[in-house]
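1. Structure, please.
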Amino acid sequence: MTQAGRNQPCPCGSGRKFKHCCAVAPAPTATDLVSWENRALQFYAQGQTEPAEVLCRQLLQWDTKHVQALMILGSIALSAKRFAQAAQFMQQALQGSPPQPGKVFLALAMAQQGLGQSALAVDNYLRAILADDHLVDAHFYYAGLMLQLGRTDVAEASYRRVLQLNPNYLLALINLAAVLKRGHRSLEALPYLQKAIQLKPDDAILHRNLGLVYQELGRLLDAEQSFREALRLNPEDGVAISYLLFCLNYRIDWTPQRRCDEAVYWGRRMADRQPPHNMNFHLDAQPSRLRVGLVSGDLRRHPVGYFLENLLQSRQDSPLDILAYSSFDCEDELTDRLRQHCHSWVLIEGMSDDQAVQRIRQDGIHVLIDLAGHTPHNRLALFARRSAPVQVTWLGYFATTGLPTMDYILVDQYVSPPDEEGHFSEQRMWLPDTYRCFTPPAETIQVNPLPVLSSGHLTLGCFNNLSKLNDSVLRLWGQILHEIPHARMLLKSWQLGSLVQQDEMRARLVAQGFDMSRVELQGSSGYQDYLQSYHQVDIALDPFPYTGGTVSIEGLWMGVPVLTLRGQDMLSRSGENLLQNLNMPEWIAEHEQDYLRRAVDWSGRITELAKIRQHLRPRLLQSPLCDGARFAQQWEYVLWEMWRRFAKQGIINNINTNSLGD
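-> Have a look, this model is predicted:
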């Protein structure tokens with residue numbers, strides 16, 4: 001005990017100072033020990049840990065194996081995250097005969113988990129459960145450890161046991177919903193999140209998580225309502241803003257202008273809550289090398305990574321330094337390859353906005369590129385704070401960010417015709433051929449002969465996110481199947497990974513008139529198996545208005561042509577970008593009836609389909625869509641042009657403009 005503590009009133013309740021009381025008292029009687037124990041328990045229950053600890057240590061002076069004192073001291077140490085000390089006290093308590101051994105095993109397991117001793121913690125969680133199967137916290141913390149260890153099946157069972165014992169255990173409801181959602185079982189997660197919101201209706205994060213589940217189930221109006229409720233509860237929640245804007249992209253009943261207006265409204269809200277911009281960048285107006293920063297949480301096996309790799313590896317003797325700022329700590333073999341082509345690589349996931357902005361400014365970035373838009377793991381707040389003189393959004397999102405501080409968006413003539421205005425708050429910069437360049441898969445899977453030649457029936461396929469399959473899309477596809485009696489349909493998506501969600505999808509299809517004997521549903525699979533699945537598909541059908549991107553080009557790589565509907569904005573023109581660059585405009589429908597007509601027409605042109613399948617991969621490789629060197633040159637030219645335009649404005653402080661022309 002500290003000297004100050006010795007001068008405090010004695011916790012025994014005598015009214016004297018401790019140094020004049022229990023510290024010099026004679027050996028206590030059995031009655032004294034019981035009194036001290038009771039008062040220690042009372043102090044601990046009231047949260048008065050210091051007097052409780054004093055009494056417990058006094059008890060241990062006279063009885064070194066006093067179980068209750070050891071348990072209280074262990075609990076105090078555990079609460080203070082003194083895990084080694086907590087484990088020691090609990091192990092000592094177990095050497096006696098603790099009145100509730102399950103609770104002691106539980107505390108010991110929690111301390112060992114805090115020390116990183118996972119194997120020991122697992123054993124003691126199980127001992128706690130064996131000692132008392134009704135010990136709710138033992139099941140709960142055991143589930144959490146199993147989740148950390150990747151045993152989601154055990155974690156799910158344990159959370160379910162928690163809810164059997166206590167149906168209103170809020171964190172168990174939330175965590176079980178998260179486990180189910182992570183396993184692509186959103187329909188099963190839904191009631192647990194709904195119950196959690198009943199218990200805590202003012203929790204903005206719960207509402208936005210519920211919105212994500214609704215969105216994955218295609219219940220877009222419910223999703224939008226949940227995101228808006230989250231923002232009503234917390235108008236400053238940038239994550240909820242991005243979730244809302246992303247969700248609106250699926251709405252077929254919203255015009256491009258309406259989506260843009262909504263994005264601009266929230267973009268201004270995001271920018272207005274940031275501190276004032278500091279325009280002191282200390283940069284030269286005519287640098288010998290342009291320093292370009294890439295901000296993304298998708299520098300891995302992800303569509304952004306797939307499209308980025310060909311660009312980065314194709315840059316030869318480039319006057320650009322590429323600096324990557326990764327906003328999500330998830331790496332794989334593609335991450336390793338991307339890192340090799342970057343001047344530096346900084347993980348900013350754990351950095352505050354202030355820290356990340358400071359790092360970007362210290363690195364002397366001329367052009368900062370957002371690769372996420374309103375998708376997960378974005379750091380749009382860094383752009384709202386004006387982290388670099390020139391700020392650009394590109395590649396990872398198909399619409400405007402709405403941020404007034406985002407200067408440019410990279411597009412091409414197919415996704416955003418020059419004569420079309422009003423879809424972006426950013427200024428458009430056009431790349432000559434295509435705004436993206438595909439990296440062919442490393443997997444060596446050959447294109448197979450047209451499947452209909454061996455199966456005897458035409459297979460129409462779509463491997464897109466099911467949220468893109470609105471009722472208008474399904475109604476049109478149902479008409480196509482009706483008009484092509486020998487055709488079947490294959491739908492493959494991560495959202496079809498459970499039987500429950502397959503049943504939900506079947507109900508939607510039946511409601512749109514589908515004959516389910518002609519439809520096959522498949523869940524997600526490994527990347528090689530996913531590509532192999534295209535061996536079953538003769539023609540791919542593109543959804544609308546949110547058309548396919550990576551899924552479509554991967555299908556083209558596997559020899560499968562895609563039928564798309566001409567769109568009204570960048571979001572709905574991804575298919576046009578691909579097909580125009582392949583010189584295949586005959587696969588672009590002007591309207592829904594034309595889509596139906598072309599699908600029926602192509603179903604009868606088996607010989608042509610077989611030739612297309614045979615030559616589509618070489619055609620793709622020879623197109624601008626895969627020409628990394630050509631794309632890199634065009635991309636770099638555009639970035640330099642952005643910088644030249646900015647430097648000529650002369651509005652930046654501490655920039656050397658002496659060498660600039662008129």
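
2. Would you map the helices across the stretch 401-550 of the chain?
-> 452-455, 471-483, 499-511, 527-532, 550-557 (DSSP state H, counting those that start in this stretch).

3. Now for the residue nearest to residue 255 when sequence neighbours are not counted: which residues touch it?
-> Nearest non-adjacent residue to residue 255, counting by CB to CB, 6 or more residues apart in numbering: residue 568, 7.6 Å away. In short, each C-beta sits where N, CA and C put it, glycine included. Going by CB atoms under 8 Å, 6 or more residues apart in numbering, residue 568 touches 255, 256, 545.

4. Can you classify residue 568 as helix, strand or coil?
-> Following DSSP: H, G, I helix; E, B strand; the rest coil, residue 568 is assigned to coil.

5. Give me the pLDDT for it.
-> Looking at residue 568, its pLDDT is 94.

6. can you check residue 30 too?
-> 60.

7. what ranges do the strands span in the stretch 151-300 of the chain?
-> 290-296 (DSSP state E, counting those that start in this stretch).

8. Would you quantify the distance from the nearest residue to residue 554 once chain neighbours are set aside to residue 447?
-> Nearest residue to residue 554, sequence neighbours excluded (CB to CB, 6+ apart): residue 531, at 6.6 Å. From residue 531 over to residue 447 the distance is 10 Å, taken as CB to CB, to the nearest Å.

9. joint contacts of those two?
-> Shared contacts of residue 531 and residue 447 (CB under 8 Å, 6+ apart): residue 558.

10. if we can go back for a sec, filter the contacts of residue 568 to the buried ones?
-> Buried members of the contacts of residue 568, counted by 16 or more other CB atoms under 10 Å: 256, 545.

11. could the contacts of residue 568 go into CSV alongside pLDDT and distance to residue 573?
-> Listed next are the contacts of residue 568 as CSV, based on pLDDT from 0 to 100; distance: CB to CB, whole Å:
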residue, pLDDT, distance to residue 573
255, 93, 15
256, 94, 10
545, 95, 9
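
12. Tabulate the contacts of residue 568 (TSV), appending distance to residue 526.
-> Output for those, formatted as TSV (distance: CB to CB, whole Å):
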residue	distance to residue 526
255	39
256	36
545	30
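
13. Closest one of the contacts of residue 568 to residue 424?
-> Set against residue 424, the nearest of the contacts of residue 568 by CB to CB is residue 256 (9.6 Å).

14. give me the number of residues near the residue lying closest to the closest one once chain neighbours are set aside?
-> Leaving aside its sequence neighbours, residue 256 sits nearest to residue 569 (CB to CB, 6+ apart; 3.8 Å). By other CB atoms under 10 Å, 22 other residues sit near residue 569.

15. so residue 569 touches residue 399, yeah?
-> Yes: judged on CB atoms under 8 Å, residue 569 makes contact with residue 399 at a distance of 7.3 Å.

16. what touches both of these two?
-> Contact criterion CB under 8 Å, 6+ apart; residues shared by residue 569 and residue 399: 259, 423.

17. relative to strand 290-296, how tilted is the longest helix that the chain contains?
-> Secondary structure of the chain per DSSP state H: the longest helix is helix 628-649. Orientation note: helix 628-649 sits at an angle of 110 degrees relative to strand 290-296 (axes from the mean of the first three to the mean of the last three CA atoms, to 10 degrees).

18. if we can go back for a sec, quick one, phi psi at the residue nearest to residue 256?
-> phi -160, psi -180 (degrees, to the nearest 10).

19. any idea how far it is from residue 422?
-> As judged by CB to CB, residue 569 and residue 422 stand 9 Å apart.

20. pretty sure residue 631 contacts residue 432?
-> No: Residue 631 is beyond contact range of residue 432, at 9.4 Å (criterion: CB under 8 Å).

21. Which one's more surrounded, these two?
-> Taking other CB under 10 Å, residue 631 and residue 432 do not tie; residue 631 has more neighbours (25 against 14).

22. Now the more buried one: closest residue in space, sequence neighbours ignored.
-> Nearest non-adjacent residue to residue 631, counting by CB to CB, 6+ apart: residue 437, 3.8 Å away.

23. which ones are touching that neighbour?
-> Under the criterion of CB under 8 Å, 6+ apart, the neighbours of residue 437 are 307, 310, 311, 314, 624, 625, 626, 627, 628, 631, 632.

24. Would you reformat the residues you listed as a markdown table and include pLDDT and distance to residue 210?
-> Below are those laid out as a markdown table (pLDDT from 0 to 100; distance: CB to CB, whole Å):
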| residue | pLDDT | distance to residue 210 |
| --- | --- | --- |
| 307 | 94 | 32 |
| 310 | 95 | 38 |
| 311 | 96 | 38 |
| 314 | 94 | 43 |
| 624 | 98 | 42 |
| 625 | 98 | 38 |
| 626 | 97 | 41 |
| 627 | 97 | 44 |
| 628 | 96 | 42 |
| 631 | 97 | 41 |
| 632 | 97 | 43 |
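
25. residue ranges with poor pLDDT in this structure?
-> Within the chain, the ranges that satisfy pLDDT under 70 run 1-16, 18-37, 44, 650-662.
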